[in-house]
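1. Fold the following and give me the result.
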Amino acid sequence: MIICIDVGNTNIKYAVYDGDELRISFRVATDLKKTSDEYGAQLLAMLQAAGIAPKAITGGIFSSVVPSLDYTVAHMLGVYLGIKPKEVGPGVKTGLKIMADNAKEVGADRVVNNVAALKKYGAGRPIIIVDFGTATTFNIVVDGAFIGGVIAPGIKGSLDSLVGGTAKLPRVEIEAPKSVIATNTVTNMQAGIVFGFAGLVEYIVKKIKKELKTSDVLTVATGGFSEIMAQETKCIDVVDKMLTLNGLKYLYDLNSEEGK
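-> Numbers count the residues shown, from 1 in each chain. Model prediction:
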(Lines give C-alpha, C1' and ligand atoms only; values in the text may rest on other atoms or scores of the structure.)
Protein backbone atom coordinates (compact mmCIF):
# COMPACT_ATOMS: atom_id res chain seq x y z
CA MET A 1 0.00 0.00 0.00
CA ILE A 2 1.06 3.59 -0.55
CA ILE A 3 -0.10 6.85 1.00
CA CYS A 4 -0.67 10.05 -1.00
CA ILE A 5 -0.91 13.43 0.73
CA ASP A 6 -1.88 16.82 -0.71
CA VAL A 7 -0.90 19.62 1.69
CA GLY A 8 -3.06 22.67 0.98
CA ASN A 9 -3.48 26.01 2.69
CA THR A 10 -6.85 25.06 4.20
CA ASN A 11 -6.88 21.24 4.29
CA ILE A 12 -4.50 18.31 4.10
CA LYS A 13 -5.97 15.49 2.02
CA TYR A 14 -4.90 11.87 2.44
CA ALA A 15 -5.50 8.72 0.38
CA VAL A 16 -4.25 5.17 0.82
CA TYR A 17 -4.11 2.89 -2.21
CA ASP A 18 -3.74 -0.86 -2.30
CA GLY A 19 -2.50 -1.31 -5.83
CA ASP A 20 -5.02 0.67 -7.87
CA GLU A 21 -7.75 0.28 -5.25
CA LEU A 22 -8.53 3.28 -3.05
CA ARG A 23 -8.78 2.00 0.53
CA ILE A 24 -9.42 5.26 2.37
CA SER A 25 -9.43 9.02 1.79
CA PHE A 26 -9.93 11.78 4.33
CA ARG A 27 -8.94 15.35 5.09
CA VAL A 28 -7.83 17.29 8.15
CA ALA A 29 -7.50 21.02 8.73
CA THR A 30 -4.13 22.53 7.92
CA ASP A 31 -2.60 23.87 11.13
CA LEU A 32 0.89 25.38 11.06
CA LYS A 33 1.16 24.99 14.85
CA LYS A 34 0.65 21.22 14.88
CA THR A 35 3.69 19.02 15.32
CA SER A 36 4.56 15.89 13.39
CA ASP A 37 3.42 13.91 16.43
CA GLU A 38 -0.03 15.53 16.36
CA TYR A 39 -0.43 14.87 12.64
CA GLY A 40 0.88 11.36 13.21
CA ALA A 41 -1.71 10.67 15.91
CA GLN A 42 -4.47 11.83 13.55
CA LEU A 43 -3.15 9.62 10.77
CA LEU A 44 -2.88 6.52 12.96
CA ALA A 45 -6.42 7.03 14.25
CA MET A 46 -7.81 7.22 10.71
CA LEU A 47 -5.85 4.16 9.60
CA GLN A 48 -7.09 2.21 12.63
CA ALA A 49 -10.70 3.19 11.86
CA ALA A 50 -10.25 1.84 8.33
CA GLY A 51 -8.61 -1.37 9.53
CA ILE A 52 -5.26 -0.57 7.89
CA ALA A 53 -2.08 -1.55 9.71
CA PRO A 54 0.60 1.19 9.53
CA LYS A 55 3.25 -1.39 8.60
CA ALA A 56 1.19 -2.32 5.53
CA ILE A 57 2.04 1.07 3.99
CA THR A 58 5.39 0.73 2.26
CA GLY A 59 5.67 3.97 0.31
CA GLY A 60 4.31 7.47 -0.01
CA ILE A 61 4.29 10.74 -1.90
CA PHE A 62 3.14 14.25 -1.08
CA SER A 63 2.67 17.60 -2.75
CA SER A 64 2.66 20.81 -0.76
CA VAL A 65 1.94 24.50 -1.18
CA VAL A 66 2.82 25.15 2.48
CA PRO A 67 6.64 25.01 2.67
CA SER A 68 6.71 25.26 6.48
CA LEU A 69 4.89 21.91 6.70
CA ASP A 70 7.11 20.00 4.26
CA TYR A 71 9.49 18.77 6.96
CA THR A 72 6.62 18.14 9.39
CA VAL A 73 4.85 15.82 6.95
CA ALA A 74 8.00 14.02 5.81
CA HIS A 75 9.14 13.53 9.42
CA MET A 76 5.69 12.30 10.46
CA LEU A 77 5.68 9.66 7.73
CA GLY A 78 9.17 8.57 8.68
CA VAL A 79 8.39 8.20 12.37
CA TYR A 80 4.88 6.75 12.24
CA LEU A 81 4.96 4.73 9.01
CA GLY A 82 8.68 4.11 8.64
CA ILE A 83 8.78 5.39 5.06
CA LYS A 84 10.72 8.08 3.23
CA PRO A 85 8.16 9.78 0.98
CA LYS A 86 8.70 11.24 -2.46
CA GLU A 87 7.91 14.96 -2.72
CA VAL A 88 6.53 16.58 -5.86
CA GLY A 89 9.18 19.08 -6.90
CA PRO A 90 12.56 19.22 -8.62
CA GLY A 91 13.83 15.76 -9.44
CA VAL A 92 10.41 14.14 -9.68
CA LYS A 93 9.50 13.06 -13.19
CA THR A 94 6.05 14.29 -14.30
CA GLY A 95 6.09 14.06 -18.09
CA LEU A 96 4.48 17.52 -18.15
CA LYS A 97 5.96 20.36 -20.18
CA ILE A 98 5.54 23.65 -18.29
CA MET A 99 5.46 26.76 -20.45
CA ALA A 100 5.22 29.29 -17.61
CA ASP A 101 7.73 32.14 -17.46
CA ASN A 102 9.19 30.52 -14.35
CA ALA A 103 8.34 26.85 -13.89
CA LYS A 104 9.42 27.00 -10.23
CA GLU A 105 6.53 29.36 -9.50
CA VAL A 106 3.90 26.80 -10.50
CA GLY A 107 2.38 25.23 -7.40
CA ALA A 108 2.90 21.50 -6.86
CA ASP A 109 -0.87 20.96 -6.63
CA ARG A 110 -1.37 22.54 -10.05
CA VAL A 111 1.34 20.34 -11.56
CA VAL A 112 -0.29 17.23 -10.07
CA ASN A 113 -3.76 18.25 -11.31
CA ASN A 114 -2.45 18.81 -14.82
CA VAL A 115 -0.66 15.46 -14.89
CA ALA A 116 -3.73 13.68 -13.51
CA ALA A 117 -6.05 15.27 -16.08
CA LEU A 118 -3.75 14.28 -18.94
CA LYS A 119 -3.44 10.74 -17.63
CA LYS A 120 -7.19 10.26 -17.17
CA TYR A 121 -8.70 12.33 -20.00
CA GLY A 122 -5.95 12.29 -22.62
CA ALA A 123 -4.27 15.01 -24.69
CA GLY A 124 -6.64 14.83 -27.64
CA ARG A 125 -8.11 18.25 -26.94
CA PRO A 126 -7.33 21.20 -24.66
CA ILE A 127 -8.22 20.75 -20.98
CA ILE A 128 -9.14 23.42 -18.46
CA ILE A 129 -8.76 22.27 -14.86
CA VAL A 130 -10.66 24.45 -12.38
CA ASP A 131 -9.66 23.81 -8.77
CA PHE A 132 -12.03 25.27 -6.18
CA GLY A 133 -9.64 25.36 -3.24
CA THR A 134 -8.26 28.11 -1.01
CA ALA A 135 -7.76 29.94 -4.31
CA THR A 136 -9.77 29.27 -7.45
CA THR A 137 -7.23 28.24 -10.08
CA PHE A 138 -7.64 27.61 -13.79
CA ASN A 139 -4.98 25.50 -15.52
CA ILE A 140 -4.88 25.24 -19.31
CA VAL A 141 -3.26 22.16 -20.82
CA VAL A 142 -2.76 21.94 -24.60
CA ASP A 143 -0.96 19.12 -26.45
CA GLY A 144 0.37 17.72 -23.18
CA ALA A 145 1.79 21.04 -21.97
CA PHE A 146 0.71 23.46 -19.24
CA ILE A 147 0.54 26.71 -21.20
CA GLY A 148 -0.69 29.01 -18.41
CA GLY A 149 -3.63 29.75 -16.20
CA VAL A 150 -5.56 32.02 -13.89
CA ILE A 151 -5.57 32.47 -10.11
CA ALA A 152 -8.71 34.02 -8.61
CA PRO A 153 -9.89 34.39 -5.00
CA GLY A 154 -11.27 31.30 -3.32
CA ILE A 155 -14.94 30.89 -2.44
CA LYS A 156 -14.49 30.34 1.29
CA GLY A 157 -11.86 33.05 1.58
CA SER A 158 -14.14 35.54 -0.14
CA LEU A 159 -16.96 34.70 2.26
CA ASP A 160 -14.60 34.98 5.25
CA SER A 161 -13.48 38.40 4.02
CA LEU A 162 -17.07 39.54 3.61
CA VAL A 163 -18.05 38.41 7.10
CA GLY A 164 -14.85 39.65 8.72
CA GLY A 165 -15.08 43.07 7.09
CA THR A 166 -18.65 43.80 8.15
CA ALA A 167 -20.29 44.27 11.53
CA LYS A 168 -23.64 42.55 11.01
CA LEU A 169 -23.30 39.98 8.24
CA PRO A 170 -23.41 36.40 9.60
CA ARG A 171 -21.38 33.36 8.59
CA VAL A 172 -23.51 31.24 6.23
CA GLU A 173 -23.38 27.84 4.57
CA ILE A 174 -22.07 27.94 1.01
CA GLU A 175 -25.02 26.65 -0.99
CA ALA A 176 -27.19 27.97 -3.80
CA PRO A 177 -30.45 29.65 -2.76
CA LYS A 178 -33.62 28.97 -4.74
CA SER A 179 -33.56 32.39 -6.37
CA VAL A 180 -30.99 35.00 -7.23
CA ILE A 181 -33.51 37.59 -6.04
CA ALA A 182 -32.98 36.78 -2.39
CA THR A 183 -35.32 37.95 0.38
CA ASN A 184 -33.21 37.72 3.55
CA THR A 185 -29.62 38.36 4.59
CA VAL A 186 -28.53 34.72 4.49
CA THR A 187 -29.87 33.99 1.00
CA ASN A 188 -28.62 37.40 -0.22
CA MET A 189 -25.10 36.36 0.78
CA GLN A 190 -25.46 32.86 -0.65
CA ALA A 191 -26.68 34.27 -3.95
CA GLY A 192 -23.75 36.65 -4.13
CA ILE A 193 -21.13 34.02 -3.36
CA VAL A 194 -22.46 31.06 -5.37
CA PHE A 195 -23.93 32.84 -8.39
CA GLY A 196 -21.13 35.40 -8.36
CA PHE A 197 -18.46 32.70 -8.60
CA ALA A 198 -20.51 30.83 -11.20
CA GLY A 199 -20.38 33.97 -13.32
CA LEU A 200 -16.64 34.30 -12.72
CA VAL A 201 -16.08 30.71 -13.88
CA GLU A 202 -18.33 31.09 -16.93
CA TYR A 203 -16.62 34.29 -18.06
CA ILE A 204 -13.05 33.08 -17.55
CA VAL A 205 -13.70 29.76 -19.31
CA LYS A 206 -15.34 31.66 -22.16
CA LYS A 207 -12.30 33.95 -22.46
CA ILE A 208 -9.92 30.99 -22.42
CA LYS A 209 -11.82 29.23 -25.20
CA LYS A 210 -11.79 32.44 -27.23
CA GLU A 211 -8.01 32.75 -26.89
CA LEU A 212 -7.56 29.08 -27.74
CA LYS A 213 -9.77 29.67 -30.78
CA THR A 214 -11.79 26.53 -30.13
CA SER A 215 -14.86 25.48 -28.19
CA ASP A 216 -13.77 21.83 -28.24
CA VAL A 217 -12.32 22.01 -24.74
CA LEU A 218 -12.83 19.68 -21.76
CA THR A 219 -13.40 21.55 -18.50
CA VAL A 220 -12.70 19.50 -15.37
CA ALA A 221 -13.61 20.78 -11.91
CA THR A 222 -12.05 19.59 -8.67
CA GLY A 223 -11.80 20.83 -5.10
CA GLY A 224 -14.21 21.18 -2.22
CA PHE A 225 -16.85 23.32 -3.92
CA SER A 226 -16.65 21.75 -7.38
CA GLU A 227 -20.00 19.94 -7.15
CA ILE A 228 -21.87 23.04 -6.00
CA MET A 229 -20.37 25.15 -8.77
CA ALA A 230 -20.92 22.51 -11.45
CA GLN A 231 -24.66 22.65 -10.72
CA GLU A 232 -24.70 26.40 -11.38
CA THR A 233 -22.70 26.59 -14.58
CA LYS A 234 -22.94 24.88 -17.95
CA CYS A 235 -19.23 25.19 -18.78
CA ILE A 236 -18.03 22.42 -16.44
CA ASP A 237 -18.00 19.03 -18.19
CA VAL A 238 -16.64 16.76 -15.46
CA VAL A 239 -16.40 16.89 -11.65
CA ASP A 240 -13.42 14.89 -10.37
CA LYS A 241 -12.87 15.46 -6.65
CA MET A 242 -10.13 12.81 -6.45
CA LEU A 243 -8.09 14.35 -9.27
CA THR A 244 -5.15 15.51 -7.13
CA LEU A 245 -4.83 12.37 -5.02
CA ASN A 246 -5.13 10.12 -8.07
CA GLY A 247 -2.49 12.26 -9.75
CA LEU A 248 -0.16 11.72 -6.81
CA LYS A 249 -0.71 7.96 -7.07
CA TYR A 250 0.19 8.10 -10.77
CA LEU A 251 3.35 10.13 -10.08
CA TYR A 252 4.41 7.70 -7.35
CA ASP A 253 4.06 4.78 -9.76
CA LEU A 254 5.81 6.69 -12.55
CA ASN A 255 8.81 7.57 -10.42
CA SER A 256 8.97 4.12 -8.82
CA GLU A 257 9.22 2.58 -12.28
CA GLU A 258 11.93 5.05 -13.22
CA GLY A 259 13.97 4.00 -10.19
CA LYS A 260 13.94 0.30 -11.10
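
2. Settle this for me: residue 135 is touching residue 153, isn't it.
-> Yes: using CB atoms under 8 Å, residue 135 is in contact with residue 153, at 6.7 Å. Yep, even glycine has a C-beta here, placed from its N, CA and C like the rest.

3. Which one's more surrounded, those two?
-> residue 135 (20 against 13; other CB atoms under 10 Å).

4. Look up the closest residue to the more buried one, ignoring the ones flanking it.
-> residue 154 (4.9 Å; CB to CB, 6 or more residues apart in numbering).

5. residue contacts, the one you found?
-> Going by CB atoms under 8 Å, 6 or more residues apart in numbering, residue 154 touches 132-136.

6. Give me the subset of those that lies in strands.
-> 132, 135-136 (DSSP state E).

7. sorry, back to before: now the residue nearest to residue 135: how far from residue 232?
-> Distance of residue 154 to residue 232, computed by CB to CB, to the nearest Å: 16 Å.

8. Could you do residue 146 as well?
-> Distance, residue 146 to residue 232, using CB to CB: 27 Å.

9. now residue 26
-> Taking CB to CB as the measure, residue 26 falls 27 Å from residue 232.

10. Would you mark the buried spots in stretch 40-50?
-> 40, 42-43, 46-47 (16 or more other CB atoms under 10 Å).

11. Could you do stretch 149-163 as well?
-> 149-150, 154-156, 158-159.

12. buried residues in stretch 49-62?
-> For stretch 49-62, by 16+ other CB under 10 Å, it's 52, 54, 57, 59-62.

13. could I get those residues as a markdown table with secondary structure?
-> Shown next, in a markdown table, are the buried residues of stretch 49-62 (DSSP: H, G, I helix; E, B strand; the rest coil):
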| residue | secondary structure |
| --- | --- |
| 52 | coil |
| 54 | helix |
| 57 | coil |
| 59 | strand |
| 60 | strand |
| 61 | strand |
| 62 | strand |
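
14. And those residues, which is closest to residue 204?
-> For the buried residues of stretch 49-62, the closest approach to residue 204 (CB to CB) belongs to residue 62, at 29.2 Å.

15. hang on, that closest one packs against residue 8?
-> No: look at residue 62 against residue 8 with CB under 8 Å: they stay out of range, at 11.1 Å.

16. Show me which helix or strand of the chain is least confident by mean pLDDT.
-> helix 243-258 (a mean of 91; mean pLDDT, DSSP states H and E).

17. now the nearest residue to residue 223 once chain neighbours are set aside: how far from residue 194?
-> Distances taken as CB to CB, 6+ apart place residue 132 nearest to residue 223, at 3.6 Å, with adjacent residues excluded. Distance, residue 132 to residue 194, by CB to CB: 11 Å.

18. Please apply the same query to residue 134.
-> Residue 134 is 17 Å from residue 194, where distance means CB to CB.

19. And for residue 254?
-> The gap separating residue 254 from residue 194 is 37 Å, by CB to CB.

20. quick one: which of the two has more around it?
-> residue 194 (22 against 15).

21. If I look at that one, what pLDDT would I see?
-> Confidence at residue 194, expressed as pLDDT, is 97.

22. which residues touch the nearest residue to residue 68 once chain neighbours are set aside?
-> Spatial nearest neighbour of residue 68, chain neighbours left out: residue 32 (5.9 Å); criterion: CB to CB, 6+ apart. Contacts for residue 32 (CB under 8 Å, 6+ apart) come out as 66, 68-69.

23. from the residues you listed, which is closest to residue 179?
-> If you rank the contacts of residue 32 by distance to residue 179 using CB to CB, residue 66 comes first, at 38.9 Å.

24. can I assume the closest one is in contact with residue 7?
-> Yes: counting by CB under 8 Å, residue 7 is a contact partner of residue 66 at 5.3 Å.

25. Mind listing the shared neighbours of these two?
-> Joint contacts of residue 66 and residue 7 (CB under 8 Å, 6+ apart) are residue 30.
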